[in-house]
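Chemist: Provided below are the primary sequence and the corresponding predicted coordinates.
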Amino acid sequence: MEAFLSSLVSVAFHGVAFGMILYVISVGLSVTMGLMGFTNLAHGVFAMAGGYILVSSLARFQIPFPLALFLSFALVALASVVLERLLYSRLYGASELEQVLFTIGLIFMSVAVARLIYGTLQQPVLLPDYLKGQFSLLGRDFPAYRVFLIAFSGAMIAALWFGVERTIWGAMVRAAVDNRAMAQSIGINTKRLFTITFAIGSGLAGLGGALGADIVAIQPTYPFEQLVYFLIVVSVGGLGSLRGPFVAALLIGITDTACKYWLPEVGAFFIYAATIGLLLWRPAGLFGRRA
Amino acid sequence: MKHPVGYNADARLRWTEWLPWVLAIVVFFALPDYLSMGARVLTYILFALSLDLILGYAGIITLGHAAFFGLGAYVTGMLSVKLGVTDPFLQLLASAVAAGVLGLVTGAVIMRTHGLTQLMLTLAVAAVCLEIANKATHLTGGADGLAGVVVAPIFGMFKFDLYGKTAYWWCLVILFAGWWLVRRMIHSPFGASLTGIRENRLRMEAIGAPVYARLVLVYTISAVMAGVAGALLTQTNQVVGLNVLGFEPSGELMVMLILGGVGRLYGAFVGPRVFWVAQDYLAKQFPEYWFFGIGLLLVIVVLFARGGVLGICDGLLAKFRSMRGGGTA
């Protein structure tokens, strides 16, 4: 009984950590897809880039961990602004097929670049000493890094929700998601809003990739392999919503961890089957507004 | 006209439509050293044709078409290696039936959704297939795949030889049948209703077309064709591996089709040829740049050349004609 209880706690803990990572990565995708109607399959590229930035800054340049985290957010956000202005913006309003093809092209290119620079092997993360070891809570030991991960992601999510729900920028974003033409006609610069929102969303993906580098292996095929998870989070959660993907990400994180722990031979099947069932029941996702 | 091949186009064969077949026969005699690659190209043309049917004509965007291709490939492989069924027709038939059943079942679910959800579901189906092939090692060989697939001589007469002569003709004949089927289909009222659904689904529903049933049907037909293409691949290569399943082969297939031109029937004939010839030259010399190259190609095609190679040809032809017309007027 005690063994079962401790495995239950462990699964819940690791599941929440994985779910947090999934959310931090995917929330940008939900917002950009809801806001701009852009099918950005290359979102995982930003997460992978963040992961690689963290890994290299720690191992090659000996940059302290907090600064490396910040860099993985800032550099990815910056790069995404360039990409958005140069390439993505040309395809706003293009057909879904064109957006899909274009972003698949980006994935292929990024996979090649990652392979060229880092090779095909998984990159190890050199955590600082203060994040190694165990953290005791209520008589149980938890890996310190995962505790940090949950706390830090939680803080980021709280900041993001505050930003969207309570600030003028958030109000403009919500207005543009609801009715872009109307938002534009009352003087909101939606073009600039798109760019900024896209940059924040991509930066968060970079941050999520960096934070999760220890859980989700950073390797060149990352944008291919994790794409299904990001898309599941967004479509189960509902496009353009903040809370939906949060619930979805936690559900998926915990279910996935539980399946891998108790039913390793079933693997990811259960997640896919549950997703299909859920979407048949609610095609717009749990919190989606558009059917 | 945006799509010159379709219900409204003249259904009679034009002389240009014989070109791919003449070319294929010329290749057989002119390049005897490249026949096994040629057979692979023909296989991928059939695969690309099946994607063109749903993507180009019905407007269904799928990221997981390799699921059917891979299933077909594995069914043929397992029949031969595990059950000792070596008759090529039986192998094709079994692959076609298996892929068709998967297409019908998943299509019935996927066609109820649209947009992002639809994309995600097609990808999830392919991911599940990859996972099964990877985990069920006693059936599929797991990461090692299945080697030593045996294919009996066709009609007991034509043995699959080392140079790929038989394989080449075999693939060519099957491809011809597939092409004929697709061509008949897109010139039929059924094909017209598919184009209608692609252009305006709501209006098709409003005039009473059974949109959902049509979509499931065409998805199943396309799955059958992809399954047959997968079976052909196993028969010519005599091995099956995990590389026929998942997102990467689906993405590569899209590249091939987009390269040739979507929704124009013969784009599927041009794209795989260009792709595999380029792959043959480039991937051996610059394996790191190969992925980068196809990604870049996709981006360029989407941004600058939306009709693919055939679209560019059409554009040049139209320009040439208008120049000549301008000259005489």
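Modeler: Here it is on my side, so go on.

Chemist: near chain B, anything from the top helix by length along chain A?
Modeler: As assigned by DSSP state H, the longest helix anywhere in chain A is helix A:2-36. Yes. Using CB under 8 Å from any CB of the partner chain, we find that helix A:2-36 touches chain B at residue A:33. C-beta here means a position set from N, CA and C on the backbone, and glycine is covered the same way.

Chemist: How about stretch A:69-80?
Modeler: No. Residues of stretch A:69-80 are not located near chain B by CB under 8 Å from any CB, the shortest gap being 15.8 Å.

Chemist: Contact partners for residue A:24?
Modeler: Applying CB atoms under 8 Å, 6 or more residues apart in numbering or on different chains, we find residue A:24 in contact with A:153, A:156, A:157, A:204, A:205, A:207, A:208, A:211, A:212.

Chemist: How much space separates residue A:90 from chain B?
Modeler: As judged by CB to the nearest CB, to the nearest Å, residue A:90 and chain B stand 6 Å apart.

Chemist: ok, for residue A:9, nearest residue in space, not its chain neighbours?
Modeler: Excluding its sequence neighbours, the residue lying closest to residue A:9 (CB to CB, 6 or more residues apart in numbering or on different chains) is residue A:140, at 6.4 Å.

Chemist: So which bits of the stretch 51-200 of chain A are right by chain B?
Modeler: Near chain B, when you scan the stretch 51-200 of chain A using CB under 8 Å from any CB, you find A:87, A:90-91, A:96-98, A:100-102, A:104-113, A:115-116.

Chemist: Just the CA atoms of the host helix or strand of residue B:248, as PDB, please.
Modeler: Per DSSP states H and E, residue B:248 falls inside helix B:247-260. Extracted in PDB, the C-alpha atoms of helix B:247-260 (Å, rounded to 0.1, in the frame of the first residue of the first chain):
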ATOM      1  CA  PHE B 247       5.800  11.900 -40.000                       C
ATOM      2  CA  GLU B 248       9.100  12.100 -42.000                       C
ATOM      3  CA  PRO B 249       7.900   9.900 -45.000                       C
ATOM      4  CA  SER B 250       4.600  11.700 -45.000                       C
ATOM      5  CA  GLY B 251       6.400  15.000 -45.100                       C
ATOM      6  CA  GLU B 252       8.700  13.800 -47.800                       C
ATOM      7  CA  LEU B 253       5.800  12.600 -49.900                       C
ATOM      8  CA  MET B 254       4.200  16.100 -49.600                       C
ATOM      9  CA  VAL B 255       7.500  17.600 -50.800                       C
ATOM     10  CA  MET B 256       7.400  15.300 -53.800                       C
ATOM     11  CA  LEU B 257       3.800  16.200 -54.700                       C
ATOM     12  CA  ILE B 258       4.200  19.900 -54.100                       C
ATOM     13  CA  LEU B 259       7.300  19.900 -56.200                       C
ATOM     14  CA  GLY B 260       5.400  18.400 -59.100                       C
END
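
Chemist: what does the average pLDDT come to for that helix?
Modeler: The average pLDDT for helix B:247-260 rounds to 85.

Chemist: from the chain's centre, how far out does it sit?
Modeler: On the basis of CA atoms, centre = their mean, to the nearest Å, helix B:247-260 sits 9 Å off its chain's mean C-alpha point.

Chemist: Report the buried residues of the following helix or strand past that helix.
Modeler: Toward the C-terminus, helix B:247-260 is succeeded by helix B:267-285 as the next helix or strand (DSSP H and E). Buried residues in helix B:267-285, counted by 16 or more other CB atoms under 10 Å in any protein chain shown: B:267, B:268, B:269, B:270, B:271, B:272, B:273, B:274, B:275, B:276, B:279, B:283.

Chemist: Identify, from those residues, the entry nearest to residue A:72.
Modeler: residue B:283 (31.9 Å; CB to CB).

Chemist: Can you give me the distance of that closest one to residue A:221?
Modeler: 17 Å (CB to CB, to the nearest Å).

Chemist: before we move on, back to that, for PyMOL, write the selection for the buried entries among the residues of the stretch 51-200 of chain A next to chain B.
Modeler: Buried residues among these (16+ other CB under 10 Å), as a PyMOL selection:
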select buried, chain A and resi 87+91+96+97+98+100+101+102+104+105+106+107+108+109+110+111+112+113+115
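
Chemist: host element of the residue of the stretch 1-150 of chain B at minimum distance from chain A?
Modeler: Proximity of the stretch 1-150 of chain B to chain A (CB to the nearest CB) peaks at residue B:120, 4.0 Å away. Assigned by DSSP H and E, residue B:120 falls within helix B:115-135.

Chemist: buried sites along that helix?
Modeler: Within helix B:115-135, the residues that count as buried by 16+ other CB under 10 Å are B:115-135.

Chemist: mind checking which helix or strand of the chain has the lowest mean pLDDT?
Modeler: Picked chain A for this. strand A:134-137 (a mean of 74; mean pLDDT, DSSP states H and E).

Chemist: Chain B was what I was after
Modeler: Using mean pLDDT, DSSP H and E, the lowest element in chain B is helix B:308-328, with a mean of 74.

Chemist: and it, does that touch chain A?
Modeler: No. Helix B:308-328 does not reach chain A (CB under 8 Å from any CB); its nearest approach is 10.8 Å.

Chemist: which residues are in contact with that helix?
Modeler: Contacts of helix B:308-328 (CB under 8 Å, 6+ apart): B:4, B:258-262, B:264, B:266-267, B:270-271, B:274, B:301, B:305, B:307.

Chemist: same question, stretch A:192-203
Modeler: A:27-29, A:31-32, A:35-36, A:43, A:46, A:73-74, A:76-81, A:84-85, A:88-89, A:92, A:169, A:172-173, A:176.

Chemist: With distance to residue A:2, neighbour count and pLDDT as new columns, can the contacts of residue A:24 be given to me in a markdown table?
Modeler: Below are those laid out as a markdown table (distance: CB to CB, whole Å; neighbours: other CB atoms under 10 Å in any protein chain shown; pLDDT from 0 to 100):
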| residue | distance to residue A:2 | neighbour count | pLDDT |
| --- | --- | --- | --- |
| A:153 | 30 | 23 | 90 |
| A:156 | 35 | 19 | 89 |
| A:157 | 33 | 18 | 89 |
| A:204 | 39 | 28 | 92 |
| A:205 | 40 | 32 | 93 |
| A:207 | 37 | 31 | 93 |
| A:208 | 34 | 30 | 92 |
| A:211 | 32 | 28 | 90 |
| A:212 | 30 | 26 | 87 |
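
Chemist: Same list (these) but as CSV, adding secondary structure.
Modeler: Below are those laid out as CSV (DSSP: H, G, I helix; E, B strand; the rest coil):
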residue, secondary structure
A:153, helix
A:156, helix
A:157, helix
A:204, helix
A:205, helix
A:207, helix
A:208, helix
A:211, helix
A:212, helix
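
Chemist: where does the residue nearest to residue A:20 when sequence neighbours are not counted sit relative to residue A:226, distance-wise?
Modeler: Spatial nearest neighbour of residue A:20, excluding adjacent residues (CB to CB, 6+ apart): residue A:153 at 3.8 Å. As for residue A:153, its distance to residue A:226 is 17 Å (criterion: CB to CB).

Chemist: Could you do residue A:52 as well?
Modeler: With CB to CB as the criterion, residue A:52 and residue A:226 are 14 Å apart.

Chemist: Same check on residue B:243?
Modeler: 19 Å.

Chemist: can you check residue B:244 too?
Modeler: 21 Å.

Chemist: Next: residue B:310.
Modeler: Residue B:310 is 35 Å from residue A:226, by CB to CB.
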